[in-house]
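Trainee: Can you look at this prediction? I've put the sequence above it.
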Amino acid sequence: MIIAGSKWHEEDIVNDILTVHVAKPPLSLVESAAESLFHISIDISNAPDLVASYTRPGQYLQLRVPDVEKPSFLAIASPPSFVAASGAFEFLVKSIAGSTAEILCGLKKGETVELSPVMGNGFEVEQIDPPEEYPTVLIFATGSGISPIRSLIETGFGADRRSDVRLYYGARNLKRMAYQEKFKEWESSGVKVVPVLSQPDDGWRGETGYVQAAFARAKQVSDPSDTGVVLCGQRQMAEEITAMLVADGVSNEKMLKNF
């Protein structure tokens, strides 16, 4: 995932990674996750400081491939506990023509990349804790924005102790929707998964259109004062959802983003 809304200008990004990169680890896995999306796993077992710097879902880093100056911002998809145990970062990367991400997705196992230290505050889940006081958590993701959301869900944020945790996850169609194999696991942890397809194939009986429209049809927020929100993905979606919920009385301080 390439983080949107970054405070860094392009020239700052290039300069930063040239001065702060800390590791040149090898790729351990590059495989298709969905149409235009790739699972990327990077072996950082020989970089314990890098492993230790990842402490919260939603954090990200800069990655640069060989012989390419422009790096990508990538949110870490695997939860911190997995990274600590396995010594590997996992990413969900969208391959965009002409981008660094496209080159990354074309690399092979064993090829090396440059990684910066882990950055960002991640999702400040303490803003919606304890679970008993924030029984409703609404999560919104589009496309590769599901990457840090996976980390959040699999890290655990007391979903099983909340009465209404919903994930609205938007993609063009099922072929472009990553992590479908994880939906049952996520549901068993207390997260209701609501796939939303903007251009579904014939036979689809689930939610259609954009995520914000699907949520507007459902809403069902019992008490805005005890509702938390997590947003990651397409900017227009995030802005429209935010405006909708603020108008309903949900506090901006309870809306978590990873940038």
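Mentor: On my side now, so go ahead. Numbering: from 1, shown residues only.

Trainee: The residue nearest to K192 when sequence neighbours are not counted: what's it in contact with?
Mentor: Once flanking residues are discounted, K192 sits nearest to R166: 4.9 Å by C-beta to C-beta, 6 or more residues apart in numbering. Quick note: C-beta positions are derived from backbone N, CA and C, even for glycine. Each residue near R166 by C-beta atoms under 8 Å, 6 or more residues apart in numbering is listed here: 137-139, 191-192, 194.

Trainee: Beta-bridge partners for R166, please?
Mentor: Counting by DSSP bridges, R166 forms beta bridges with L138, K192.

Trainee: From E114, how far off is it?
Mentor: 38 Å (C-beta to C-beta, to the nearest Å).

Trainee: thinking again about what came up before, mind putting the contacts of R166 into TSV with neighbour count, pLDDT and distance to F91?
Mentor: Formatted as TSV, the contacts of R166 follow (neighbours: other C-beta atoms under 10 Å; pLDDT from 0 to 100; distance: C-beta to C-beta, whole Å):
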residue	neighbour count	pLDDT	distance to F91
V137	27	97	24
L138	24	97	25
I139	26	98	19
V191	22	98	21
K192	14	98	26
V194	18	98	24
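
Trainee: any low-confidence regions in this structure?
Mentor: For the chain, the stretches with pLDDT under 70 are 1-22.

Trainee: That one: helices as residue ranges?
Mentor: 10-20, 48-53, 80-86, 100-105, 146-155, 183-188, 211-218, 235-247 (DSSP state H).

Trainee: contacts for the fifth one?
Mentor: Contact with helix 146-155 is made by 1, 57-60, 74-82, 91-92, 122-123, 125, 139, 141, 159, 167, 169, 178-179, 182, 186, 189, 191, 230, 232-233, 258, as judged by C-beta under 8 Å, 6+ apart.

Trainee: And it, what's buried?
Mentor: The neighbour-count criterion (16 or more other C-beta atoms under 10 Å) identifies 146-155 as the buried residues of helix 146-155.

Trainee: Output it in PDB with nothing but the alpha carbons.
Mentor: Extracted in PDB, the C-alpha atoms of helix 146-155 (Å, rounded to 0.1, in the frame of the first residue of the first chain):
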ATOM      1  CA  ILE A 146      -6.900  -3.100   4.000                       C
ATOM      2  CA  SER A 147      -3.200  -3.800   4.600                       C
ATOM      3  CA  PRO A 148      -2.800  -2.000   8.000                       C
ATOM      4  CA  ILE A 149      -6.400  -2.900   8.900                       C
ATOM      5  CA  ARG A 150      -5.300  -6.600   8.700                       C
ATOM      6  CA  SER A 151      -2.500  -5.800  11.200                       C
ATOM      7  CA  LEU A 152      -5.000  -4.000  13.500                       C
ATOM      8  CA  ILE A 153      -7.500  -6.900  13.500                       C
ATOM      9  CA  GLU A 154      -4.900  -9.600  14.000                       C
ATOM     10  CA  THR A 155      -3.200  -7.700  16.700                       C
END
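
Trainee: how far is it from where the chain is centred?
Mentor: The chain centre lies 6 Å from the centre of helix 146-155; the measure is C-alpha atoms, centre = their mean, to the nearest Å.

Trainee: switch to numbering from 412
Mentor: Happy to do that; since the first residue is 412 now, the last one works out to helix 557-566.

Trainee: returning to what we had before: tell me which of the helices of the chain is the most buried.
Mentor: Mean neighbour count (mean count of other C-beta atoms under 10 Å) peaks for helix 557-566 among those, with a mean of 26.

Trainee: picking that back up, kindly provide the distance from the residue nearest to K603 to L667.
Mentor: From R577 to L667 the distance is 15 Å (C-beta to C-beta).

Trainee: Q623: what's it in contact with?
Mentor: Shown in contact with Q623 (C-beta under 8 Å, 6+ apart): 551, 648, 651-652, 655.

Trainee: quick one: it and Q645, what's the gap?
Mentor: For Q623 relative to Q645 (C-beta to C-beta), the value is 10 Å.

Trainee: And P528, by the same measure?
Mentor: 27 Å.

Trainee: So the two - more neighbours on which side?
Mentor: Neighbour tally, P528 and Q645, criterion other C-beta atoms under 10 Å: the higher count belongs to Q645, 20 against 16.
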